[in-house]
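> Following is a predicted model, sequence given first.
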Amino acid sequence: MRSISLTLCLGLAVALGCGSPNNPLRIPPPPAMPEPTPTSQPLPDPPKKTPTADVDPVASGLTVRGIQSLCDEHLERAQSLLESIQSLDNAPAQSLNWDNTIGRYDEIVLELSVAGGFPSLMALGHPDKTLRDAAKDCEPKIEKFRTDLMLDTRFATVIRRYADQKPPLQSVRERLLRELLRDLRRYGLELPADAQARLRKINEELSKLQQDFSSNISDAVLTIQVKPAQLRGLPDSFVEQHKPGPDGLVTLNTNYPDYFPVVTYCEDRTVARDLTAKFDSRAADKNLSILDRVLALRNEKAKLLGYETWADYAIEPRMAKTAHTVRDFLDRLSHELQEPARKEYQEFAAEYRRLGHNPGAAIPNYERLYIEQKLRERKYGFDAKELSQYLEVAAVTQGLLRIVETMYDIRLAPNAAAPTWHQDVKAYDVVDHERTIGRIYLDLYPREGKYKHAAMFEIRPGKDLGNGRYLSPIAALVCNFPKPGQSPALMTHNEVTTFFHEFGHVLHHILTRQPLASYAGTNTARDFVETPSQMFEEWAFRREILDTFAKHHQTGKPIPDSLFNALIRSRAFGRALHTQRQVSLASLDLAYHSRPTPMETDRVFAEVMAKTQKFAYLPNTHFQATFGHLMGYDAGYYSYQWALVIALDALTRFEKEGYTNAKVAGEWRRTVLEQGAGDDENKLVERFLGRPHSLEAYGRYLRAQ
């Protein structure tokens, strides 16, 4: 069973809603191929309940009771649908058709998505801990249902009997049938009863542990205190927002809006060191033991299912297919990066000495961004703090929305009447030629108990409902950007790039026209899903795009040519070391999921980092305890570079025909974004490019050309 996509994160990393219960958001579905007419009387449909199309998950789930009911009621609907399929296990073969077998299974996928989507977001985003805790109870219930479904022999009997008829199906339907048969095997249907019982227990425990790991990171906010004079070098807006307390000291925390400016700009490097020591050990007191247990359970599950390692199991349904392929991919990248990364590191070491430090055997990891910024400023004349003066968060937000409107010929209309889970959250209706096709919730600023990174959360997928109706998808963009207040909220250009990245996920989700919930939006192969998001990052580097919103927060003037040119000249600098770090994290992820358990995760971390990158982590820190991708992108972190190969090639059309070219954007929308996983991902990109995708653009990227 294709797992339901609940979040998508960048590096480690936007909510569409529905209408009121009396006016659900619908758009016409794509044309569907007719099914053969059954030769016997159809069996009765499951009991009718309030249509899922008439349920607003956000409005329904803003209280403890509401979030519990949202989860339980849609699980009940899924159970009713399952029972209707089970009832066909002895029915005449000619009575089985798409609608009462695979089509009904896809309805189950929809119900599970609605049951778990908003609770998943609220577990990591609601300001009330009581509601967050209530929301956490949903995921284990969904995982239990999913396991029970895929190990249900009556359900499997019906699906296999229908498949044995070799029904003539359009390609997307044939694909779902084929992959469902595969996933029944992958869930352990063919195992003996005792092994299935053990799998059920493993899945139940994994569900809770994975959720706890992520929640522990969100809840962990560590602090240090420094004297005001120690903030030297930080932007004025940062200093304004960090006033001394009664004791005369300034408190800094490990949330992104504090951490990254400190390590990038603070001239007192002991502050950067001390905050990094906290940052790289968030939740370590709880998550190290959780990680040990998760790795052991995954390894046990893989072996029960006949796979050598969890990596072999997890990668099988993706584009890469095998762990061996991924390992070769990372090894090739490491080889290609060796010389350019060596040269860049030499420049870093020389600059570090110039700044009065001894690089020793390895430069500390917390110095990387600081040195990189110093080099960009000295070598290329690029001042990131100066560029931030043109990137006020409200202006960037409105500019991004207008760009999306222009490219995709849609309108993003603010909806102040839409219910939200916090006063900072803003809702936007997505309107396509006077038809409302969705809603986007933007949750952009940090707060206590909130998810610490940037991510798109799926609240509801799109799906063809029949009778000319299409269920509009719902998603939320969750970030941690500087919050407007008495002083201007200025973003770094890196944060702007993150914003575009995550909105690429939003577009992939919100513009779907895929008939099947199983394949709608971002429910693609894991190693393809970062393609639209990484491609959209490029818009943050285009002059014609930045000029639409990047104005000085005081004078209103656009970015000077000299500053923009310095940004572009300096852009490729540090790319080899950055990519090397991505390869390091992907290699760590693969190592954790390829080696026998139990293992010493600290030792494996040190071994992989020493082999794959140049910078040294602080002693007595535990980065792996903060590596949230281990719970969502397990054996999948390589996907960022894998998808980047495709994204850079897809970009070549925009480079030739224009980044604001609505015709090209429309083709990208129709051939890729609307399709979800309705076809092989390679074929989707080939249709857009007019040829198979290649490595040529990625090669130029690595060579900084």
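Alright, I've got the coordinates.
> for the protein, which spans come out with low pLDDT?
1-50, 705 (pLDDT under 70).
> ok, Y265 touching L234?
Yes: contact between Y265 and L234 holds when scored by CB atoms under 8 Å: they sit 5.0 Å apart. (C-beta placed from N, C-alpha, C; glycine too.)
> which residues in the stretch 201-350 of the chain form helices?
Taking DSSP state H, counting those that start in this stretch to define them, one finds helices in the stretch 201-350 of the chain at 236-240, 256-265, 269-279, 284-304, 310-315, 323-354.
> Same check on the stretch 351-500 of the chain?
Taking DSSP H, counting those that start in this stretch, the helices of the stretch 351-500 of the chain run over residues 368-380, 384-388, 393-408, 493-510.
> Give me whichever of those is most buried.
helix 493-510 (a mean of 25; mean count of other CB atoms under 10 Å).
> what's it packed up against?
If contacts are counted by 3 or more CB pairs under 8 Å, 6 or more residues apart in numbering; DSSP states H and E, helix 493-510 sits against helix 384-388, helix 393-408, strand 435-443, strand 455-460, strand 474-478, helix 530-536.
> Sort out which residues of the last one are buried, please.
In other words, helix 530-536. Going by neighbour count (16 or more other CB atoms under 10 Å), the buried part of helix 530-536 is 530-536.
> just how off-centre is the following helix or strand past it within its chain?
On the C-terminal side of helix 530-536, the closest following helix or strand by DSSP states H and E is helix 543-546. Between the mean C-alpha location of helix 543-546 and the chain-wide mean there is a distance of 26 Å, by CA atoms, centre = their mean, to the nearest Å.
> which parts of whatever helix or strand comes next after helix 543-546 are buried?
Counting by DSSP H and E, the element after helix 543-546 in chain order, helix or strand, is helix 561-571. Residues 563-564, 566-567, 570 are the ones in helix 561-571 that count as buried (16+ other CB under 10 Å).
> now, among the buried residues of helix 530-536, which is nearest to S587?
Closest approach to S587 among those (CB to CB): E530, at 17.5 Å.
> R318 versus the closest one, what's the distance?
Per CB to CB, to the nearest Å, E530 is found 12 Å from R318.
> got any residues that touch both of the two?
Common neighbours of E530 and R318 (criterion: CB atoms under 8 Å, 6 or more residues apart in numbering): S639.
> list the contacts for the residue nearest to T579 when sequence neighbours are not counted?
Distance criterion CB to CB, 6 or more residues apart in numbering; nearest residue to T579, sequence neighbours excluded, is L337 at 5.9 Å. By CB under 8 Å, 6+ apart, the residues touching L337 are 576, 579-580, 583, 702.
> repeat for C71
115-116, 119, 137-138, 141-142.
> So it lies in a strand, does it not?
No: under DSSP: H, G, I helix; E, B strand; the rest coil, C71 sits outside any strand and is assigned helix.
> So the nearest residue to it once chain neighbours are set aside versus F499, what's the distance?
Of all residues not flanking C71 in the chain, C138 sits nearest, at 3.8 Å (CB to CB, 6+ apart). Look at C138 and F499: by CB to CB, they are 29 Å apart.
> Next: I224.
I224 is 28 Å from F499, where distance means CB to CB.
> Ok, E530 next?
16 Å.
> P127 now?
Distance from P127 to F499, by CB to CB: 22 Å.
> again with I440
From I440 to F499 the distance is 13 Å (CB to CB).
> can you check L689 too?
26 Å.
> what's the answer for Q373, then?
For Q373 relative to F499 (CB to CB), the value is 20 Å.
> And I202, by the same measure?
For I202 relative to F499 (CB to CB), the value is 38 Å.
> Out of the helices of the stretch 351-500 of the chain, the one nearest I559 is which?
I559 lies closest to helix 384-388 among those, at 7.0 Å (CB to CB).
> which strands and helices sit next to that closest one?
helix 368-380, helix 493-510, helix 561-571.
> can you redo those helices as JSON lines with distance to I403?
Shown next, in JSON lines, are the helices and strands packed on helix 384-388 (distance: least, CB to CB, whole Å):
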{"stretch": "helix 368-380", "distance to I403": "26"}
{"stretch": "helix 493-510", "distance to I403": "9"}
{"stretch": "helix 561-571", "distance to I403": "17"}
